[in-house]
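Q: whatever this is, show me its structure:
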Amino acid sequence: MSKKIFNLEFDKNDDILYVTRGSLTKEDTSEELGDDVVIWRNKKTKEVSGFTVLNFSKRSKSLTDNLIFK
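A: Numbers count the residues shown, from 1 in each chain. Predicted coordinates:
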């Protein structure tokens with residue numbers, strides 16, 4: 001079983017959570033899922049590269065109060 005490691009980044013000023021596996025590349029394309037969620041997929045493999053959640057703290061205020069982002 002291989003591990004998939006995802007990077008988390010929270011932009012507190014813009015209230016956006018970014019979750020990616022490695023760095024996004026020119027092969028990755030975005031697809032809006034609605035409700036302020038965007039998914040990133042590799043154009044060729046269709047594998048999910050990450051996702052973006054807009055207005056993240058509004059969705060989960062108690063969660064973001066306890067998270068530490070570098």
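Q: ok, which stretches of the protein are helices?
A: In the chain, the helices defined using DSSP state H lie at 56-59, 61-66.
Q: quick one: contacts for Asn7?
A: Shown in contact with Asn7 (CB atoms under 8 Å, 6 or more residues apart in numbering): 18-22. Any C-beta I mention is one placed from the backbone N, CA and C, and that applies to glycine too.
Q: only the buried subset of those, as a ChimeraX command please.
A: Per 16 or more other CB atoms under 10 Å, the buried members of those correspond to this ChimeraX selection:
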select :18,19,20
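Q: strands of this structure, residue ranges please.
A: Using DSSP state E, the strands found in the chain span residues 7-11, 16-20, 28-34, 37-42, 48-54.
Q: what pLDDT, on average, does the last one get?
A: The average pLDDT for strand 48-54 rounds to 94.
Q: strands paired with that strand, and their directions?
A: strand 16-20 (antiparallel), strand 37-42 (antiparallel) (DSSP bridges).
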